[in-house]
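1. Turn this into a model:
(2 chains)
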Amino acid sequence: MATDLEDVLAVAATWCAEGRGVALATVVSTWGSSPRPVGSQLVVDDQGSMLGSVSGGCIEGAVVLEAREAIADGNPRLLDFGVTNEQAWEVGLACGGKIQVYVERIE
Amino acid sequence: MENKLLTALNLGRAEGRPIALATLLEGKGQWLIDESSGGGASESAVLLARKAIAEDRSQVVDCEGASLFVQVHNPPLRMVVVGAVHIAQALSPMAARTGYRVTVIDPRGVFATEERFPGVDISNEWPDEALRRIGPDVRTAIVTLTHDPKLDDAALEVALSSEAFYIGSLGSKKTHRARLNRLERLGFDKAACERIHGPVGLAIGAKSPAEIAVAILAEVTQARHIATTSVTS
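-> Below you'll find the model as predicted:
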């Protein structure tokens, strides 16, 4: 069924089985208006593939970079994004919301 | 996350078991928790995870001073469509894409075929029998599309006796009035009958089967996320 293609966790398992380096990003908290609810997930591999989403496309680019680093060093990360965010990449949510994303490597 | 934890999580999801993944956001610790097993987590973490499962809400909770993220994986929402008609063919894949596990019921074998409904659970049972077997719960939507009273009414009798979060019936205002009169004669009171969304779907002027499917799915979505007065009245 169509949902299987969107099943981020199933795809993560498949990519792992193929021997790819894989990281999972999960929305753990939101404040104000945010495009994707808590629990939304994005899976990223070490070859440039990704599936799913943690926002409306506003922060995926930054999350993918962090995910690649997590694949490389194995350390999980807790990332904060929002309009007042002062982080180096200056990624913000145009909608004015704030979200927290947990990024972890699949071991 | 350890790969074996991911495998166990996916197995639980495939089996349709309510299950939660609990993750310490600072420091190390990640456990799978369901009704029968705490996966080695502390007693308070297990209690918090089971509470989140019951609330059907993923959330960060305070667990003995630590931030614990509980991600809830409940079985998929279900949509039961009575009548394997043209609208059902449009609605089924849209609902599946929206996250519903779809069952199409039609005792008329010509309509409910694998060819017309690829990848959908099909039942050729009589609607009331099929619905009783499926057992609609608070995560189930029921849509009747045959506008044949002997099929739709049989389904609605079971639907109204269930906790389904959405019940909708295809048919004009006149057809719907006649339907409600029949159901009232069967002993369903006004409050029960008001649970039925009819004419089915949001009023967006839908004409084609696909447009009507959009209107229905929009109304089901509204019922899921916004409490409607008809449910509480």
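2. Surely A:Lys98 touches A:Asp80?
-> Yes. At 7.1 Å, A:Lys98 and A:Asp80 qualify as touching, with contact defined as CB atoms under 8 Å. Yep, even glycine has a C-beta here, placed from its N, CA and C like the rest.
3. more crowded one of these two?
-> Neighbour totals were compared for A:Lys98 and A:Asp80, and A:Lys98 leads with 19 against 13 (other CB atoms under 10 Å in any protein chain shown).
4. Distance of the residue of chain A found nearest chain B relative to B:Gln222?
-> Per CB to the nearest CB, the residue of chain A with the smallest distance to chain B is A:Gly39, at 3.7 Å. Plainly put, A:Gly39 is 21 Å away from B:Gln222 if you go by CB to CB, to the nearest Å.
5. repeat for A:Gly19
-> Applying CB to CB to A:Gly19 and B:Gln222 gives a distance of 44 Å.
6. Which of these two has more residues huddled nearby?
-> Using other CB under 10 Å, the more surrounded residue of A:Gly19 and B:Gln222 is B:Gln222, with 14 against 7.
7. Which residues belonging to the one helix or strand that one maps to are considered buried?
-> Per DSSP states H and E, B:Gln222 falls inside helix B:209-225. Buried positions in helix B:209-225, judged by neighbour count with 16 or more other CB atoms under 10 Å in any protein chain shown: B:Pro209, B:Ile212, B:Ala213, B:Val214, B:Ala215, B:Ile216, B:Leu217, B:Glu219, B:Val220, B:Ala223, B:Arg224.
8. residues touching the residue nearest to B:Gly40 when sequence neighbours are not counted, list them.
-> Excluding the flanking residues, the one nearest B:Gly40 by CB to CB, 6 or more residues apart in numbering or on different chains is B:Trp31, at 5.7 Å. Taking CB atoms under 8 Å, 6 or more residues apart in numbering or on different chains, we find B:Trp31 in contact with B:Leu21, B:Ala22, B:Gly38, B:Gly39, B:Gly40, B:Ala41, B:Ala45, B:Ala49.
9. If we use 7 Å, what do you get?
-> B:Ala22, B:Gly39, B:Gly40, B:Ala41, B:Ala45 (CB atoms under 7 Å, 6 or more residues apart in numbering or on different chains).
10. ok, A:Arg36 - how many residues close by?
-> A:Arg36, neighbours per other CB under 10 Å, totals 20.
11. Would you confirm that it contacts A:Ser55?
-> Yes. At 5.7 Å, A:Arg36 counts as touching A:Ser55 under the criterion of CB atoms under 7 Å.
12. Now do whichever residue of chain B sits closest to chain A, the pLDDT please.
-> Closest contact between chain B and chain A, by CB to the nearest CB, is at B:Ser58 (3.7 Å). At B:Ser58, the pLDDT value in this model is 95.
13. For it, which non-adjacent residue is closest in space?
-> A:Gly39 (3.7 Å).
14. which residues sit against the helix or strand where A:Tyr102 lies?
-> Counting by DSSP H and E, the element that carries A:Tyr102 is strand A:98-105. Applying CB under 7 Å, 6+ apart, the contact partners of strand A:98-105 are A:23-32, A:34, A:54-55, A:63, A:66-67, A:70-71, A:74, A:76-82, A:93, B:1, B:23, B:25, B:69.
15. What subset of the residues you listed is buried?
-> Among the contacts of strand A:98-105, the ones that count as buried by 16+ other CB under 10 Å are A:23-30, A:34, A:54-55, A:63, A:66-67, A:70-71, A:76-77, A:79, A:81-82, A:93, B:1, B:23, B:25, B:69.
16. Quick check: residues of chain A near chain B?
-> Counting by CB under 7 Å from any CB of the partner chain, chain A comes close to chain B at A:1-3, A:9-10, A:12-13, A:16, A:24, A:26, A:28-29, A:38-39, A:78, A:102, A:104, A:106-107.
17. Among these, which ones are in strands?
-> A:Leu24, A:Thr26, A:Val28, A:Ser29, A:Leu78, A:Tyr102, A:Glu104 (DSSP state E).
18. nearest residue to the third one other than its sequence neighbours?
-> It refers to A:Val28. Nearest non-adjacent residue to A:Val28 (CB to CB, 6+ apart): B:Phe69, at 4.5 Å.
19. can I assume the one you found is in contact with B:Leu21?
-> No. In this structure, B:Phe69 is not within contact of B:Leu21 by CB under 7 Å, at 8.3 Å.
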